[in-house]
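K.L.:
Could you look at this predicted model? Sequence included:
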Amino acid sequence: MPGGGKKTHYEGFERRVHIFAFGLLGAFAILIMGLWQLQIVQWYDYRQVAECNRLHPQRLEAPRGMIYGPDTSVVLADNRPSCDLVLVPAECSEADVPGVCSRLKELLDLDAAALLDKIHKSELQPYRQITVKQDVSKNDLTRVEEYSYALPGLYTVARPQRRYLYGKTAGQILGYMAEIGQEELKQTDQYELGDLIGRGGLEQMYESDMRGTDGQLVINVYVSDRRPQLRTDAYGNPYVEVDSYGRKLKEEPEFRIDPQPGRSLFTTLDIDLQQYCESILEGTVGGIAVLNANTGAVLTLASVPGYDPNIFVTFGRDTERLEAVFARPNPMTNRCYRETYAPGSVFKVMLAIAALEEGVINENTQFFCPGFYQLQGVERKWRCWNHSGHGTVSIVDALAFSCDVFFYNVGVRLGVDRIKKWSEKIGLGAKTGIDLPQEVEGLIPSREWKEAEQKKLFPEKPWEWKWYPGNTVNLSIGQGEAAVTPLQNAIMVAAVVNGGRRVRPFINMEMVPQISEPFISENTLRIVRAGMQKCVEKTSPPPTGTGKEAKVPGITVLGKTGSAQMVSIDQYKEFKNEEDIPYNLRDHAWFVCGVPDRDPPIAVAILVEHGHHGSSAAAPLAKKVIEHFYLQRSPATINLAREGL
């Protein structure tokens, strides 16, 4: 059959070859484009991923900033080198492990069984460091070094540890360090689990400044789940040899970032005066606040009982920590700014200023004191502390002898609205703005406050919401719902001393003093100062002022006593004498004073809880404080307070 030979290929074969060829070319094109994308366009991103798999950053903690007094000669808190003992199981043969644990028990009084259990649990990671003991003492370290030949695999690791050089002194002001909590970790990426963070006081207030910036060393690793094991040399410098599986590692020095130490804090605290004030309060519960009256610089915020912040950073002091946290009265609370008390008769200083400035009274205004006061049409009698009465008194004598009846009259004429206004002006019942955390506000009640509070308690009794004249009578001598801190009272006295200016207290020396313009006239200040000076002066013949125990020969002291009642006077009738009164029912004892004629001038507020009388419990302490500050120290110390503050 002509032309009828066998076909050499199927119909459409060439078309299929062409389609396949084009498909193959397309696939290669896509592959080439992918390679272009990976190796040219995204090469840097993938290089970074590879580097991350190879390089492991290890955090180097920054040294915490120091806390000083006014200059570097007074170190309040620093960082001491602390040594921890660690054991590397892989470097201690299985046969040696029981002997090593037994030896460490003898040397360090450790639980050998617990240590042995830790070692067995680390079998999968034999090069992982096991903490044997933290913060080893020099004596323990010496004993361990003597037997180092019998302790294979045992190393020391140095780390900085917070140290408070004055122990309990100013502990509540400085604060302490404790491990960061889980909730706090969720709110920041600056910390890791196990990090210490400032708690309370200056440590908390200036945490971000003193913490510093962590650095890092970078380790060349090949398996990402193996943890580098940091060690330190004799100088505390970190280095790394192996990971937790024993694989050799290498540091990449070009990636090393040295940590930046935290900023140091210079404070206005006079640690000598602080220590002295705490010592004279010993055996009581109370506080002493001392300010530079011109600037508001805090010299002392002594509060007893106190605590040693070292117990929170020193290994093995668990019992002391628990006692500090759960003890009552609470030693971790500074009573100068975190507790409020009825101001009692020291409130009369503010009331005198308000009444004189508002023109309610003048220097010659007199009221008769028969030992009690009655509102018109009211049967109740408000007693004066002097039951036989003071007779006819004016403002100067009323301050000197603390006549309640005089100030009952003044308070009713002034009215609660103006009492509230002037209390706020002078700084009572309001936060002072001190650079310490957890300051409490206190309270000077008002019409609005009473209405809001009483509505909650007596929603169906609108007559209970009203502010009555009797409420004003109680408020006039610092009783009723009034509550202030010792620090607020010190600010009030500072205004009397410095010419009628309100100061903001501060501890950080970098803060610029905040001082108001004068808001009290010179005439008012002259009258109030005369009354407060007469309160302290020992006059002849008697009577003398209620604060005579604060008199310091050669120094002008302006003072005012106060006793803040805990319960009504009627509840005391069943007791024959004061010492029979249960401790928790006794009056709080106040004394506030200022020294205007020395450099630097100071304002002082003293509170002794349940001390009965300011005249006997607090005024003598004020004398000791003034004598110690001005008369019993070297001129260099006084000059430091003057120049630094």
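P.N.:
Great, that's in hand.
K.L.:
so Leu196 bridges to which residues?
P.N.:
Glu179 (DSSP bridges).
K.L.:
My guess is it contacts Ile180. True?
P.N.:
Yes: using C-beta atoms under 8 Å, Leu196 is in contact with Ile180, at 7.2 Å. For every residue, glycine as well, the C-beta is placed using N, CA and C.
K.L.:
Strands of the stretch 51-200 of the chain, start to end?
P.N.:
55-60, 67-68, 75-87, 130-133, 154-164, 176-179, 196-199 (DSSP state E, counting those that start in this stretch).
K.L.:
Let me have those strands in CSV, extended by mean neighbour count.
P.N.:
Shown next, in CSV, are the strands of the stretch 51-200 of the chain (neighbours: other C-beta atoms under 10 Å):
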stretch, mean neighbour count
strand 55-60, 17
strand 67-68, 24
strand 75-87, 19
strand 130-133, 18
strand 154-164, 19
strand 176-179, 20
strand 196-199, 19
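K.L.:
Spit out the contact partners of the most centrally placed residue in the chain.
P.N.:
In the chain, the centroid-proximal residue (C-alpha atoms, centre = their mean) is Gly201; its distance is 1.4 Å. Gly201 makes contact with 171-176, 334, 436-437 under the criterion C-beta atoms under 8 Å, 6 or more residues apart in numbering.
K.L.:
Specify which member of those is nearest to Arg15.
P.N.:
For these, the closest approach to Arg15 (C-beta to C-beta) belongs to Pro437, at 84.2 Å.
K.L.:
Near the closest one, how many other residues are there?
P.N.:
17 (other C-beta atoms under 10 Å).
K.L.:
Which pLDDT does the model give it?
P.N.:
With respect to pLDDT, Pro437 has a value of 97.
K.L.:
starting at the chain centroid, how far to stretch 17-35?
P.N.:
72 Å (C-alpha atoms, centre = their mean, to the nearest Å).
K.L.:
average pLDDT for it?
P.N.:
Rounded mean pLDDT across stretch 17-35 is 78.
K.L.:
for Val157, which residues make a bridge with it?
P.N.:
According to DSSP bridges, beta-bridge pairing links Val157 with Asp84.
K.L.:
Leaving out sequence neighbours, find the closest residue to Gly545.
P.N.:
Cys535 (3.7 Å; C-beta to C-beta, 6 or more residues apart in numbering).
K.L.:
One more: Cys92?
P.N.:
Nearest residue to Cys92 in three dimensions, chain neighbours excluded: Gly153, at 3.4 Å (C-beta to C-beta, 6+ apart).
K.L.:
What residues sit buried inside the helix or strand containing Met492?
P.N.:
For Met492, the host element (DSSP states H and E) is helix 486-497. Within helix 486-497, the residues that count as buried by 16 or more other C-beta atoms under 10 Å are 486-497.
K.L.:
Could you tell me the model confidence score at Glu14?
P.N.:
For Glu14, the pLDDT comes out at 71.
K.L.:
Correction: the previous question concerned His387.
P.N.:
90.
K.L.:
Got phi/psi on it?
P.N.:
Dihedral pair for His387: phi -60, psi -20, per degrees, to the nearest 10.
K.L.:
Pull the contacting residues for the closest residue to Ser82 other than its chain neighbours.
P.N.:
Spatial nearest neighbour of Ser82, chain neighbours left out: Gln161 (3.7 Å); criterion: C-beta to C-beta, 6+ apart. By C-beta under 8 Å, 6+ apart, Gln161 lies in contact with 79-82, 135, 313-314.
K.L.:
try 6 Å this time
P.N.:
Gln161 is in contact with 80, 82, 313, counting by C-beta atoms under 6 Å, 6 or more residues apart in numbering.
K.L.:
Could you do Lys624 as well?
P.N.:
Ile280.
K.L.:
So what does it have for phi and psi?
P.N.:
Dihedral angles for Lys624 - degrees, to the nearest 10 - are phi -60, psi -40.
K.L.:
try the one 4 residues further on
P.N.:
The phi and psi values for His628, taken as degrees, to the nearest 10, are phi -70, psi -40.
K.L.:
circling back to that earlier point, between the strands of the stretch 51-200 of the chain, which one is closest to Arg256.
P.N.:
Closest among these, once you apply C-beta to C-beta, is strand 55-60, at 8.5 Å.
K.L.:
Am I right that Val473 is in contact with Trp382?
P.N.:
Yes: counting by C-beta atoms under 6 Å, Trp382 is a contact partner of Val473 at 5.4 Å.
K.L.:
Same drill for the two, tell me which one is more crowded.
P.N.:
Val473 (23 against 19).
K.L.:
returning to that earlier point: for the residue nearest to the centre of the chain, give its distance to Val86.
P.N.:
32 Å (C-beta to C-beta, to the nearest Å).
K.L.:
Is Ala324 within a helix or a strand, and which one?
P.N.:
Using DSSP H and E, Ala324 falls in helix 318-326.
K.L.:
Give me the contacts around that helix.
P.N.:
307, 311, 331-332.
K.L.:
just stretch 563-573 next, same as before
P.N.:
Contact partners of stretch 563-573, identified using C-beta under 6 Å, 6+ apart, comprise 341-342, 344, 585, 587-588, 613-614.
K.L.:
Out of those residues, grab the one that's most surrounded.
P.N.:
Gly614 (33 neighbours).
K.L.:
Is it correct that it is in contact with Asp587?
P.N.:
No: the pair Gly614 / Asp587 is not scored as a contact, 8.8 Å apart, by C-beta under 6 Å.
K.L.:
related to what we said a few turns ago, show me which residues of the helix holding Ala324 are buried.
P.N.:
Ala324.
K.L.:
Averaged pLDDT, that helix. What do you get?
P.N.:
Helix 318-326 comes out at a mean pLDDT of 89.
K.L.:
repeat for stretch 516-533
P.N.:
98.
K.L.:
Could you pull out the buried residues of it?
P.N.:
520, 524-525, 527-533.
K.L.:
now swap in stretch 101-120 and tell me
P.N.:
Within stretch 101-120, the residues scored as buried using 16+ other C-beta under 10 Å are 101, 103-105, 107-108, 110, 112, 115-116, 118-119.
K.L.:
Figure out the length between the terminal residues of it.
P.N.:
12 Å (C-alpha to C-alpha, to the nearest Å).
K.L.:
Stretch 566-581 now?
P.N.:
End-to-end span of stretch 566-581 (C-alpha to C-alpha): 11 Å.
K.L.:
one step back: with distance to Ala618 as extra columns, can I get the contacts of Gly201 in a markdown table?
P.N.:
Converted to a markdown table, these look like this (distance: C-beta to C-beta, whole Å):
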| residue | distance to Ala618 |
| --- | --- |
| Gly171 | 23 |
| Gln172 | 20 |
| Ile173 | 21 |
| Leu174 | 26 |
| Gly175 | 27 |
| Tyr176 | 29 |
| Asn334 | 18 |
| Leu436 | 23 |
| Pro437 | 27 |
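K.L.:
hmm, back to that, neighbour count and distance to Ser93 for the contacts of helix 318-326 - can I get that in CSV?
P.N.:
Shown next, in CSV, are these (neighbours: other C-beta atoms under 10 Å; distance: C-beta to C-beta, whole Å):
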residue, neighbour count, distance to Ser93
Tyr307, 23, 46
Ile311, 22, 39
Pro331, 20, 49
Met332, 20, 48
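K.L.:
Nearest to Gly547 among the residues you listed?
P.N.:
Nearest to Gly547 among those, with distances taken as C-beta to C-beta, is Pro331, at 29.4 Å.
K.L.:
which residues does that closest one contact?
P.N.:
Residues near Pro331 by C-beta under 6 Å, 6+ apart: 305-307, 324.
K.L.:
Please repeat the previous calculation with a cut-off of 8 Å.
P.N.:
172, 305-307, 324 are the contacts of Pro331 under C-beta under 8 Å, 6+ apart.
K.L.:
Which two of the contacts of stretch 563-573 have the greatest separation?
P.N.:
Leu585 and Gly614 (17.1 Å).
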